[in-house]
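**Student:** Sequence and predicted model, in that order:
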Amino acid sequence: MDETELAFEEIRELAKEAGRQHWHDFLAIGEPPILDECLNVRRAWMFFRNPDIQIPPQASLRKCALVVSDRGEVRFTADYYPDLNKCREYLEKMSDHFEERGL
């Protein structure tokens, strides 16, 4: 991945595209894949799945959040939303992960 830090708008677009791909089978036409609400800790942004996207029980592993580094690395992670304190704690770990690996 490039060493250049991305602007927030670019990071959000990466999250939207990753969400569209990941939840493609469950998205209604025109339905946004992620919420407008997100969190930022240092080098990482966490985006949350639109709760209107209905994930069936057999696909429960797709119930996740997205974390994107400021260099464009995308990861699907545990989803603790709407507990923003727990989300922030997890995001701190992800930010450390990105920093340690230069992602």
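**Tutor:** Okay, I see it.

**Student:** Report the central residue of the protein.
**Tutor:** Using CA atoms, centre = their mean, the residue of the chain that lies closest to the mean C-alpha position is Leu66, 1.6 Å off.

**Student:** isn't there a helix covering that residue?
**Tutor:** No - Leu66: not assigned to a helix; according to DSSP: H, G, I helix; E, B strand; the rest coil it is strand.

**Student:** Any figure for the gap between it and Pro56?
**Tutor:** 20 Å (CB to CB, to the nearest Å). Glycine gets a C-beta too; all of them are placed from N, C-alpha and C.

**Student:** Wait, the residue nearest to the centre of the chain touches Thr77, no?
**Tutor:** Yes - proximity of Leu66 to Thr77 meets the contact threshold set by CB atoms under 8 Å, at 7.2 Å.

**Student:** between these two, what contacts are shared?
**Tutor:** Residues touching both Leu66 and Thr77 (CB atoms under 8 Å, 6 or more residues apart in numbering) are Met46.

**Student:** any idea of the mean pLDDT in stretch 38-51?
**Tutor:** For stretch 38-51, mean pLDDT is 98.

**Student:** C-alpha coordinates for that stretch, PDB please?
**Tutor:** Provided in PDB are the C-alpha atoms of stretch 38-51 (Å, rounded to 0.1, in the frame of the first residue of the first chain):
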ATOM      1  CA  CYS A  38     -18.000   6.600  12.100                       C
ATOM      2  CA  LEU A  39     -15.100   6.700  14.600                       C
ATOM      3  CA  ASN A  40     -11.500   7.700  14.200                       C
ATOM      4  CA  VAL A  41      -8.500   6.800  16.300                       C
ATOM      5  CA  ARG A  42      -5.100   8.000  15.100                       C
ATOM      6  CA  ARG A  43      -4.500   6.200  11.800                       C
ATOM      7  CA  ALA A  44      -7.700   4.200  11.600                       C
ATOM      8  CA  TRP A  45     -11.400   4.800  10.800                       C
ATOM      9  CA  MET A  46     -14.200   2.500  11.800                       C
ATOM     10  CA  PHE A  47     -17.400   2.400   9.700                       C
ATOM     11  CA  PHE A  48     -20.600   0.500  10.600                       C
ATOM     12  CA  ARG A  49     -22.900  -1.600   8.600                       C
ATOM     13  CA  ASN A  50     -26.300   0.000   7.700                       C
ATOM     14  CA  PRO A  51     -28.600  -1.900  10.100                       C
END
